[in-house]
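In: please find the sequence and the predicted model below.
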Amino acid sequence: MTNNNGQLNKRVWIGLILFMFMGSMAANMESAYLSVFLNNTVFEQGSMGSKITLTDAVNLRTSLAAIIGGITAFVMGTLSEKLKNRKAFISVGYIVWGIVAIFLGLARKEIIAKLFRYNDSAEIITVTVVTIIGIALIMAFLRATSNDTVFNAWITDVTTPKTTTLVEAIYTVMGFVATGIIMAAISEAQHTPLLYNIFVVMLGIFAIIVGVAGFFVIDNPKKFENKDEDKVKTSYWADLFYGFRPKVIKENIKLYLMLLAACAFNSSFQTFYPYLFIYVSSVVVPANEGLELNIGGIAVIGIMAITIAVETILILIKVGKQKKAYSFIPSIVCFVVGLLILSVTKNIYLIVIGLAPALVGYIIIMVQFGATVRDNIPQDKVGLFQGVRTIFQVLIPMVVGPTLGNIAAKNSTVTYMENGAEKVLPTEAMFLYAAIVAAFIFIPILAFLKKDKEKALKAMSE
């Protein structure tokens, strides 16, 4: 999978890029897109007497998906290690995910009302929300298996310290590409709600194609061919809880410190991300309707912000190549500052300015967290650590973050009306909550830096 210089071959790159893109599309669809899907196809006229509000539905789906994802990663990571077959888990998982996505695309309020023979608007909304969340949770299980667990384990299998930073950078870029496509799909569907469903069906078909391609571009790691490993067999249950043993935590303390930092960062991000597109379309855009927008001025500010962001990112990545952790401190500061700016304004000009430092921090933190976590996972135990990684990076953040975002929305004194009905919508306060959570990243990062320094000094003395 690598050449003599430790670089990845073309086939591995094809597999990485193809499944990074599909994974990013699936993650964005299940979180941000599904939130807008609910807003514009189920709650387009408010709750209509239903006890479930929009932010309740988003919070419930995100939290339950995180719990399922965490348990799935915990179980399936160990299982893929035991069965020694990454390829099947990745490919079959995406094929089935695509099939379920097609069913989600067919889950329209009108169809569900006829299917269950409901006439009351509140009952129709409640049943539709429950149906959509149920389908989304099946998709969460499949994505957690194929992408979050096994594909991420495969990335760790095939990369080396020379390639992890580049691979993580590309993974982050794929996330932005996927977000751009999702935003374009949302924009196109604003005035034709049926397009929301059509896009989900199309994405499901694409996932099936990618899953089939996986059988040809994904190879199981060579370590699975090592027959000597079969001589030392441990039970599935012993391996399942391997990452929680005190001895293992002590031996890999740098990994767990980085996972704690990632937990704080992802909790911060999930505080606003599931609600972000709803916030932009239903709060920011209406708030700027009476403002005489200068498109040229916005473009200039945007170009300047992007230029500064790109230059800063390149500098910090260059610093991080030698000492990944040392690019974290300025990146965390950038992220928090950006969130604080976003928390005090709905003005489009200030939002563009606030996005620059937030994006700089986000990109560097994502790249360096991913690379540093991979570099500190024992290569012979990759699958056994996927459950632990997912609990810290997915389960806890996706329960804590959306809950805080929902609290921010419900504590707002601002009332929003849409089509004559009162709605609970996300507010800029969610960015303040996110900034406060992000500040906690410093605690494990500083401890990590201390351990890193101690290790370097010890190596020099020897």
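Out: Cool, the structure landed.
In: next, count neighbours for residue 117.
Out: The number of residues packed near residue 117 is 6, by other Cβ atoms under 10 Å. For every residue, glycine as well, the C-beta is placed using N, CA and C.
In: likewise for the one 5 residues further on?
Out: With neighbours defined by other Cβ under 10 Å, the count for residue 122 comes to 14.
In: in the stretch 51-200 of the chain, which ranges drop under the pLDDT threshold?
Out: Counting by pLDDT under 70, the stretch 51-200 of the chain contains no low-confidence range.
In: show the residue spans covered by the strands in it.
Out: Counting by DSSP state E, counting those that start in this stretch, the stretch 51-200 of the chain forms no strands at all.
In: ok, residue 261 to residue 242 distance?
Out: Using Cβ to Cβ, to the nearest Å, residue 261 is found at 22 Å from residue 242.
In: who's more crowded, those two?
Out: residue 261 (28 against 18).
In: which non-adjacent residue is nearest that one?
Out: Excluding its sequence neighbours, the residue lying closest to residue 261 (Cβ to Cβ, 6 or more residues apart in numbering) is residue 444, at 4.2 Å.
In: read off the pLDDT value for that neighbour.
Out: Residue 444 carries a pLDDT score of 93 in this model.
In: I'd guess it is in a helix, am I close?
Out: Yes - counting by DSSP: H, G, I helix; E, B strand; the rest coil, residue 444 is part of a helix.
In: what number of residues lie near it?
Out: So residue 444, with other Cβ under 10 Å, has 19 neighbours.
In: report the contact partners of it.
Out: By Cβ atoms under 8 Å, 6 or more residues apart in numbering, residue 444 lies in contact with 257, 258, 260, 261, 264.
In: if we go to 7 Å?
Out: Under the criterion of Cβ atoms under 7 Å, 6 or more residues apart in numbering, the neighbours of residue 444 are 257, 260, 261.
In: now, which of those residues sits nearest residue 363?
Out: residue 261 (16.0 Å; Cβ to Cβ).
In: hang on, isn't that closest one packed against residue 441?
Out: Yes - Residue 261 lies in contact with residue 441 (Cβ atoms under 7 Å); the separation is 5.1 Å.
In: pretty sure residue 125 contacts residue 44?
Out: No - counting by Cβ under 7 Å, residue 44 is not a contact partner of residue 125; they are 10.2 Å apart.
In: more neighbours, these two?
Out: Ranked by neighbour count (other Cβ under 10 Å), residue 125 and residue 44 place residue 125 first, with 26 against 15.
In: just the ones of the contacts of residue 444 in helices?
Out: Counting by DSSP state H, the contacts of residue 444 place 257, 260, 261 in helices.
In: list of residues touching stretch 253-266?
Out: Applying Cβ under 7 Å, 6+ apart, the contact partners of stretch 253-266 are 249, 365, 369, 372-373, 376-377, 388-389, 392-393, 396-397, 437-438, 440-441, 444-445, 447-448, 451.
In: list buried residues within those residues.
Out: 365, 369, 372-373, 376-377, 388-389, 392-393, 396-397, 437-438, 440-441, 444-445, 447-448 (16 or more other Cβ atoms under 10 Å).
In: now, those residues that are in helices?
Out: 365, 369, 372-373, 376, 388-389, 396-397, 437-438, 444-445, 447-448.
In: for those, which one is nearest residue 145?
Out: residue 389 (14.1 Å).
In: what sits against the closest one?
Out: Contacts of residue 389 by Cβ under 7 Å, 6+ apart are 259, 373.
In: try residue 103
Out: Per Cβ under 7 Å, 6+ apart, neighbours of residue 103: residue 135.
In: relative to residue 140, how far out is it?
Out: 14 Å.
In: re the thing from before, max pairwise distance over the ones in helices among the buried ones among the contacts of stretch 253-266: which two?
Out: Across these (Cβ to Cβ), the longest gap, 23.3 Å, separates 376 and 437.
In: tell me where the stretch 351-462 of the chain is predicted with low confidence.
Out: 383, 413-423, 455-462.
In: what are the ranges of the strands in it?
Out: Under DSSP E, counting those that start in this stretch, the stretch 351-462 of the chain gives strands at 416-418, 421-423.
In: on that earlier part again, please identify which of the ones in helices among the contacts of residue 444 is nearest to residue 351.
Out: Nearest member of these to residue 351, counting by Cβ to Cβ, is residue 261, at 27.0 Å.
In: distance check, that closest one against residue 442.
Out: 9 Å.
In: name the residues contacting each of these two.
Out: By Cβ under 7 Å, 6+ apart, no residue touches both residue 261 and residue 442.
In: for residue 8, what are phi and psi?
Out: phi -80, psi 150 (degrees, to the nearest 10).
In: which pLDDT value belongs to it?
Out: Predicted confidence (pLDDT) for residue 8: 80.
In: what about it, distance to residue 14?
Out: From residue 8 to residue 14 the distance is 10 Å (Cβ to Cβ).
In: and residue 38, what does it touch?
Out: Going by Cβ under 7 Å, 6+ apart, the list of residues near residue 38 reads 54, 57, 58, 129, 132.
In: my guess is residue 382 meets residue 155, correct?
Out: No - judged on Cβ under 7 Å, residue 382 makes no contact with residue 155 at a distance of 9.3 Å.
In: where are the low-confidence patches of the stretch 201-350 of the chain?
Out: Using pLDDT under 70, the stretch 201-350 of the chain drops low at 225-240, 290-326.
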